[in-house]
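Enquirer: The sequence isn't on hand, but the structure is:
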């Protein structure tokens, strides 16, 4: 598989902000944020390759990697003629944002990470290794195959988006999640293990805002705190909610996001 220019949706004018989604529902999750951000900035939602193809029912390609995600984002920014941007990512999108900023630190004015899935950082540090490996084993078991509704329910519990599989199935978002569940089959070993070292994170000099939810999994909350200590100019905020706290507490998130952007200015 080769990187390519991503599908994108741009609204508003001014300083460009690029929003990278998580690995299940894709760019739909950023719509309410984009609509409000676009009142003062140019807000651009991108749709990663795995979200686009997975949501269309395509099974995951084992050659899809973090490097392909990174270069697809670069090609998209080049096509939009955006040399420098504010970059925000949620979950798997946060992992992609971190990878991009590590490779191209001069192109990122600020970075916002909402519970990124960069568990490779903990793995390299030997931190919570058994817990990390259990999570990897569960999600990588879905790679390159049909994802059932039972698989989806188990993933939602693993991600901290539901306390049990029964609750996941009764959640108002279930029908929406189910439509996009095949995107989970793109979460492979090659995607989760970029050719990076923890030491490289010290090269990211832009202001970073890290977000964690009060009801998120202990592992996700811990990873946010660890990244807060590794990135040179980072601060951690906590929002009410779970893995989707930036959606659950959207008003508080956007207020903090605005302060973050002003700080860089």
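Expert: Sure thing, it's come through. Please read these numbers as outputs of a predicted model, since none were measured by experiment. Numbers count the residues shown, from 1 in each chain.

Enquirer: Assign residue 19 to helix, strand or coil.
Expert: strand (DSSP: H, G, I helix; E, B strand; the rest coil).

Enquirer: what helix or strand does the residue of the chain most remote from its centre sit in?
Expert: In the chain, counting by Cα atoms, centre = their mean, residue 166 sits farthest out from the average C-alpha position, at 25.6 Å. Assigned by DSSP states H and E, residue 166 falls within helix 165-170.

Enquirer: Show me which positions of whichever helix or strand comes after that helix end up buried.
Expert: Downstream of helix 165-170, the next assigned helix or strand under DSSP H and E is helix 174-179. Residues 174, 177 are the ones in helix 174-179 that count as buried (16 or more other Cβ atoms under 10 Å). Using the backbone N, CA and C atoms, a C-beta is placed for each residue, glycine as well.

Enquirer: Tell me which other helices or strands the helix or strand just after helix 174-179 touches.
Expert: Following helix 174-179 in sequence order, the next helix or strand is helix 189-192 (DSSP H and E). Judged by 3 or more Cβ pairs under 8 Å, 6 or more residues apart in numbering; DSSP states H and E, the packing partners of helix 189-192 are helix 66-79, helix 129-140.

Enquirer: As a markdown table, these with mean pLDDT would be great.
Expert: Shown next, in a markdown table, are the helices and strands packed on helix 189-192 (pLDDT from 0 to 100):
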| stretch | mean pLDDT |
| --- | --- |
| helix 66-79 | 97 |
| helix 129-140 | 94 |
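
Enquirer: so which of those comes closest to residue 105?
Expert: Of all the helices and strands packed on helix 189-192, helix 66-79 sits nearest to residue 105, with 12.6 Å by Cβ to Cβ.

Enquirer: now for the closest one, which elements pack on it?
Expert: Here helix 66-79 touches strand 16-20, helix 49-55, helix 92-103, helix 189-192, going by 3+ Cβ pairs under 8 Å, 6+ apart.

Enquirer: how far is the helix or strand just after it from where the chain is centred?
Expert: Once the chain leaves helix 66-79, the next helix or strand it forms, by DSSP H and E, is strand 85-90. Counting by Cα atoms, centre = their mean, to the nearest Å, strand 85-90 is centred 9 Å from the centre of its parent chain.
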